[in-house]
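Asker: Fold the following, please.
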Amino acid sequence: MIKRLCQILEMIRFSHTLFALPFALMAACMAWLVPLLKADPVAFRISHLLGILACMVSARSAAMAFNRLVDRKIDAQNPRTEGRHLPQGTLGSGSVILFTLVSSAAFVASTLLFLPNQLPILLSIPVLLFLLLYSFTKRFTSLAHFFLGTSLMLAPVCTWIALRGDLLADDPGDLLPSLVLGLAVLLWVGGFDMIYACQDVSFDQHTQLKSIPARIGVPAALRLAAICHLAMILVLLGLPHVGRLAGPSLPLGWIYHVGLLGVAVLLVYEHLLVRPDDLTRVNIAFFRVNAVVSVGLFFFVTLDLLL
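Answerer: Below you'll find the predicted structure:
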């Protein structure tokens, strides 16, 4: 039983929760530390922190396990993915289906930790269905990378709604900081997923799966990914100033901007690692660099808000 669970966690790459979780926690720190309109900040509750962690882990687990189920036949044909657990028979479909159902139920149940705010439980099923839908997007659109980005964008936005959503009726603009942070996540994920998809251009074209690299070629896709990451930095530069438009002002100063400079350097490094004629370092660019980007940005945002 324990061995099978470990295999499932390996299959869904549980450690890669680091991509989205720091942005959810970033939004939580912003929600807890930034005052409401004519009111004090939202009070910190341990139940809310546990709810954020439980929702993030269970939602991602359900989405990743479902993705492996949906793609198992495609993975078996792709030399890069034929060694995954389902194509190899290391895990059976029944075990993965059960894990997906349990994770989905756990996600919905975790939203109860935010009561009396009812928005999380009301939004849980639509959000879950949206996350699961991503697994089908490569069948019908080349923009699947941005669909994935939108899925991860929900991490900060839904966290903000869970903590401050019952107050949005009085001040809808209060949601703006989480939307700006979410837009940065969308651009970041869309960019690095394009880089990752460059590995499968030949296979995608042969099997008629859709992706931006398969549609416009690797060199153009890498340039578009770089544009996305530049846009991400520009969006994050605007984050401290959202209060001029609507919602609360974020007291982010020099510490935040130092962290943002570090993120920009890391993204430049990521693009230097990958060239159209050399994709051998895609995994380093995709997994290691982006984990440091998300964790590092969370650290600097939180530190700036606390000091």
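Asker: all helices for the stretch 1-150 of the chain, in order.
Answerer: 2-11, 21-33, 46-70, 72-77, 85-88, 93-110, 119-133, 144-164 (DSSP state H, counting those that start in this stretch).
Asker: can you tell which of the ones you listed is closest to V301?
Answerer: Nearest to V301 among the helices of the stretch 1-150 of the chain is helix 21-33 (5.1 Å), distances taken as CB to CB. All C-beta atoms are positioned from the backbone trio N, CA, C, and that covers glycine.
Asker: relative to helix 144-164, how tilted is that closest one?
Answerer: 30 degrees (axes from the mean of the first three to the mean of the last three CA atoms, to 10 degrees).
Asker: Export the helices of the stretch 1-150 of the chain as JSON lines, with columns for mean pLDDT and distance to V301.
Answerer: Shown next, in JSON lines, are those (pLDDT from 0 to 100; distance: least, CB to CB, whole Å):
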{"stretch": "helix 2-11", "mean pLDDT": "72", "distance to V301": "28"}
{"stretch": "helix 21-33", "mean pLDDT": "92", "distance to V301": "5"}
{"stretch": "helix 46-70", "mean pLDDT": "94", "distance to V301": "15"}
{"stretch": "helix 72-77", "mean pLDDT": "90", "distance to V301": "36"}
{"stretch": "helix 85-88", "mean pLDDT": "83", "distance to V301": "36"}
{"stretch": "helix 93-110", "mean pLDDT": "94", "distance to V301": "24"}
{"stretch": "helix 119-133", "mean pLDDT": "96", "distance to V301": "23"}
{"stretch": "helix 144-164", "mean pLDDT": "95", "distance to V301": "11"}
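Asker: Reformat these as TSV; add distance to F299 and mean neighbour count.
Answerer: Converted to TSV, the helices of the stretch 1-150 of the chain look like this (distance: least, CB to CB, whole Å; neighbours: other CB atoms under 10 Å):
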stretch	distance to F299	mean neighbour count
helix 2-11	25	13
helix 21-33	8	23
helix 46-70	17	20
helix 72-77	35	15
helix 85-88	33	18
helix 93-110	25	17
helix 119-133	26	17
helix 144-164	16	24
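Asker: Save these as TSV, and put in distance to L306 too.
Answerer: As requested, these are exported to TSV (distance: least, CB to CB, whole Å):
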stretch	distance to L306
helix 2-11	32
helix 21-33	7
helix 46-70	15
helix 72-77	44
helix 85-88	41
helix 93-110	26
helix 119-133	26
helix 144-164	17
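Asker: right, so of the ones you listed, which gets closest to N283?
Answerer: Closest among these, using CB to CB: helix 2-11, at 15.7 Å.
Asker: list the helices and strands the closest one packs on?
Answerer: Packing contacts for helix 2-11, counted by 3 or more CB pairs under 8 Å, 6 or more residues apart in numbering; DSSP states H and E, involve helix 46-70, helix 85-88, helix 93-110.
Asker: Need the contact partners of that helix.
Answerer: Helix 2-11 has contacts (CB atoms under 8 Å, 6 or more residues apart in numbering) with 64-65, 68, 84-86, 90-91, 95-96, 99.
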